[in-house]
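Q: Fold the following for me, if possible:
(chains A, B, C and D)
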Protein chains: 2
Amino acid sequence: MTRTTADVTFLRDYNQALVMAVGRTVPTFERSTIVSDTGLTPQAVSKVIARLTADGLIRSAGVRRPRIGKPAVVYELVPDSRYAIGAHVARRTLRLVLVDLAGAVHHSAVHPLPGDFTPEQLLHTLHAGVGAITAGRDLRGRLTGVGIGMIGPLDHEHGMVRDAHGLRHWHDVALREIAEAHLGLPVHLDKDVTAGVTAEAWRHGGTFGDAVLIMVESGIGGGFWLGGTAHRGAHTNAGEFGHTVVELDGPLCVCGRHGCLEIVHNRAAEAGDIARAARVLAVGVVNLLQTLDLAHVVLAGADLLRHPRPYLAAVEQAVHTDVPRADWLTTDVTLSSLGADVIAAGAAMQVLDKQYGVPGLAPRQG
Amino acid sequence: MTRTTADVTFLRDYNQALVMAVGRTVPTFERSTIVSDTGLTPQAVSKVIARLTADGLIRSAGVRRPRIGKPAVVYELVPDSRYAIGAHVARRTLRLVLVDLAGAVHHSAVHPLPGDFTPEQLLHTLHAGVGAITAGRDLRGRLTGVGIGMIGPLDHEHGMVRDAHGLRHWHDVALREIAEAHLGLPVHLDKDVTAGVTAEAWRHGGTFGDAVLIMVESGIGGGFWLGGTAHRGAHTNAGEFGHTVVELDGPLCVCGRHGCLEIVHNRAAEAGDIARAARVLAVGVVNLLQTLDLAHVVLAGADLLRHPRPYLAAVEQAVHTDVPRADWLTTDVTLSSLGADVIAAGAAMQVLDKQYGVPGLAPRQG
DNA sequence: AAGAATTTAGCAACAGCGTTGCGTAATAGG
DNA sequence: CCTATTACGCAACGCTGTTGCTAAATTCTT
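A: As a prediction, this is how the structure comes out:
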């Protein structure tokens, strides 16, 4: 394993990203806002603001007149100064979105994919879809790249799809490399659920605590945001939350174990007992809270969003009653604000995060 | 939430800590070792080595003669240049250890605690125990501080014990503050399992990937090391791994839920069926791997270490057979190398880590 | 109307970091 | 004795955030 080393360019990028994180989450801000939020000196903030203004990422938006004294310059993020395209590769569809620097979704389209599609077929559809997005717009110099969120297992670091579940033609495909060659843009590949949780984190700026995005969509997965970054695990395989056993000696799951959350949940759902399915999911969520002590639980996925109310109610109730000492152990439970776009949008935001997010110095796995 | 800001002193401390992390894990090293391990330039490494030598943290240990050319200076960590004391507060005992900069345990002692002891009683025993350790040794200027590992819930950031499980006199006790006043040393308070996993990480240097320390000792807990730092969660309450449900509608647990890993495991263990207890634990471990994709599983705790072989075998087998695609999804399973000292030693290493470990820029929870 | 008080913001000098360029020390081999 | 090789540091540099101070823009006070 090697850690990243730190030099002065890291300092600059890091502090600059802190300012951007504030700018993303508030309508407007001024120098004193940044000073108190970050602890940087006023002079340092001035330098950062000057750089960001020169890059077109922020702009002045008038002045605020204090009770007395010189008026303060008010700034705002320029959302359309940068864009990224996000792709959600599911089993039968490719969803593409255009996302701006603030995390707003400007365009969303779903393209059908052939059953058991090949890499070539995906790239063809991806290329056409990206072309359709860029065609009507002038994104020259403002399109940061393309993010792809996909089922695993895959290798995020090397941009390789290892063995996508249920897709026969996807063994050790260097998707990032191939897609970059096809599209002529930087490409970022990650697991669908990890991309999804990045969407929630990006839109909340620097203030997003430890979180999980629960995805119920044919399978059940969980994307984790821990300690200020996405948690991918040792082999980009974190998130197989559906394959945790909640019923010893329960029904046999496709993964080979018995009583996985996914199979128990799906049986209830298929029997039409959504309330029970939701309660089973809630047990799993509380398991996560006990294990990881999360601040946010975000619910998403087509199968869940078909019945948002019972799921939300069951999870909220379990979180508030089954976790002891709830007075200070606060965890909020919400539905994903981006609905069906969350994975694709999150994939796009991963590209933005890489460029404009707070950089980490975390080690690569060893 | 506020993130730490980064200035040039952060750069220095960070790169310096990278060098120390290498030094901790190898018997000797030289400038070229650091250059290739970290990616720093030779000149930067020279400056770091000069600083560390001046501080007495490393020293020259001869030269290596290359085939031809000027001999390279060989360096080594000076283990006894810094020490820290670690305390493991359990329900009936206080374990104290003295640990050096390399993570070696120099002294270990167990002091009895009264049943349902009060803060005052603990501090008295702690003070006497620390005195006994420092009495015979000349640790002037080399004792970095005291780390305390304890059952939760507690608040790591503020050094407060919230409501220690099963201890009636421990509600909102500002233990860190009180202990610092008593001992005249910096004190670091953390959950027992989190301290434990820090021991494993510290002794492995910078190369330790995502890991969990499983602790089986009356209760079952898990300490997490994720992304290069301890994972404590939003309220320092991560690690209640024993209170994850593995058997829906199973026996009632003390926590109020049914079928928790802890109660199912303990029933099997109490019935003398260690093999089944170990298999139940292994199911929980695989749940963690599916969720978090960990590189290391470390087993510890008095109840487990009474039967190390069946536990190790059961967990190893489950990890290797129940997690699919094991050829590249490698996870190693080991027993804690520190045995019963792991929590106390880890608490000590948290103090060392704070001073000499790789600093993070991670956000405090919001 | 003029000056004091207050708030904001930037210029200039500075210390400290890693980097770059290059010179020097220490060895083995010819 | 010279050359090739390897190791290593001095000095200058570019860049960072910081510190000290000045200037600008406004309201309040006299």
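Q: which ones are touching residue A:44?
A: Going by CB atoms under 8 Å, 6 or more residues apart in numbering or on different chains, residue A:44 touches residue A:15. (Each C-beta comes from the backbone N, C-alpha and C, glycine too.)
Q: So which bits of whichever helix or strand it is part of are buried?
A: For residue A:44, the host element (DSSP states H and E) is helix A:42-54. Buried positions in helix A:42-54, judged by neighbour count with 16 or more other CB atoms under 10 Å in any protein chain shown: A:44-45, A:48-49, A:52.
Q: now stretch A:248-266
A: A:248, A:250, A:253, A:255, A:257-266.
Q: ok and the residue in the stretch 101-250 of chain A nearest chain B?
A: Among the residues of the stretch 101-250 of chain A, residue A:233 lies closest to chain B, at 2.4 Å counting by CB to the nearest CB.
Q: can you pull the pLDDT of residue A:325?
A: We have a pLDDT of 61 for residue A:325.
Q: quick one, helices of the stretch 1-150 of chain A?
A: Remark: helices assigned in the stretch 1-150 of chain A by DSSP state H, counting those that start in this stretch are A:8-25, A:31-38, A:42-54, A:119-135.
Q: if you compare these, which one is most tucked away?
A: When the helices of the stretch 1-150 of chain A are scored by mean count of other CB atoms under 10 Å in any protein chain shown, the highest mean neighbour count falls to helix A:8-25 (a mean of 19).
Q: if you average pLDDT over that one, what comes out?
A: What helix A:8-25 shows for mean pLDDT is 94.
Q: what packs against that helix?
A: Other helices and strands packing on helix A:8-25, by 3 or more CB pairs under 8 Å, 6 or more residues apart in numbering or on different chains; DSSP states H and E, are helix A:31-38, helix A:42-54, strand A:58-64, strand A:72-77, helix A:192-203, helix B:8-25.
Q: same thing but 10 Å
A: Other helices and strands packing on helix A:8-25, by 3 or more CB pairs under 10 Å, 6 or more residues apart in numbering or on different chains; DSSP states H and E, are strand A:29-30, helix A:31-38, helix A:42-54, strand A:58-64, strand A:72-77, helix A:192-203, helix A:342-356, helix B:8-25.
Q: how big is the angle separating the fourth one from strand A:72-77?
A: So the one you mean is strand A:58-64. 140 degrees (axes from the mean of the first three to the mean of the last three CA atoms, to 10 degrees).
Q: From the contact counts, what lies against strand A:58-64?
A: Short answer (3+ CB pairs under 10 Å, 6+ apart): strand A:58-64 packs on helix A:8-25, strand A:29-30, helix A:42-54, strand A:72-77.
Q: want to try CSV for those, with distance to residue B:142 as columns?
A: Listed next are the helices and strands packed on strand A:58-64 as CSV, based on distance: least, CB to CB, whole Å:
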stretch, distance to residue B:142
helix A:8-25, 32
strand A:29-30, 46
helix A:42-54, 36
strand A:72-77, 49
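Q: Around the residue in chain A that DNA strand C sits nearest to, count how many other residues there are.
A: Closest residue of chain A to DNA strand C, CB to the nearest atom of the strand: residue A:69 (2.3 Å). Neighbours of residue A:69 under the rule other CB atoms under 10 Å in any protein chain shown: 7.
Q: okay, it: pLDDT?
A: Among the per-residue scores, residue A:69 shows a pLDDT of 88.
Q: the domain parsing of chain A - what is it?
A: Chain A breaks down into these domains under automatic domain parsing: A:8-77, A:82-196+A:343-356, A:209-336.
Q: Adding distance to residue B:140 as columns, could you present these in JSON lines?
A: Converted to JSON lines, the domains of chain A look like this (distance: least, CB to CB, whole Å):
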{"stretch": "domain A:8-77", "distance to residue B:140": "35"}
{"stretch": "domain A:82-196+A:343-356", "distance to residue B:140": "47"}
{"stretch": "domain A:209-336", "distance to residue B:140": "36"}
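Q: Can you say which of the ones you listed is nearest to residue B:199?
A: Residue B:199 lies closest to domain A:209-336 among those, at 19.6 Å (CB to CB).
Q: okay, how far is it across that closest one, tip to tip?
A: With CA to CA, to the nearest Å as the measure, domain A:209-336 spans 16 Å from end to end.
Q: Just give me the neighbour total for the residue of the stretch 201-350 of chain A found nearest DNA strand D.
A: Nearest residue of the stretch 201-350 of chain A to DNA strand D: residue A:206, at 15.5 Å (CB to the nearest atom of the strand). Look at residue A:206: counted by other CB under 10 Å, it has 23 neighbours.
Q: quick one: contacts for the residue lying closest to it once chain neighbours are set aside?
A: Nearest non-adjacent residue to residue A:206, counting by CB to CB, 6 or more residues apart in numbering or on different chains: residue A:21, 3.6 Å away. Counting by CB atoms under 10 Å, 6 or more residues apart in numbering or on different chains, residue A:21 makes contact with A:37-38, A:202, A:204-208, A:356-358, B:3, B:363.
Q: how about the closest residue to residue A:357 other than its chain neighbours, what does it touch?
A: Excluding its sequence neighbours, the residue lying closest to residue A:357 (CB to CB, 6+ apart) is residue A:17, at 5.8 Å. Contacts for residue A:17 (CB under 10 Å, 6+ apart) come out as A:48, A:206, A:353, A:355-359, B:3.
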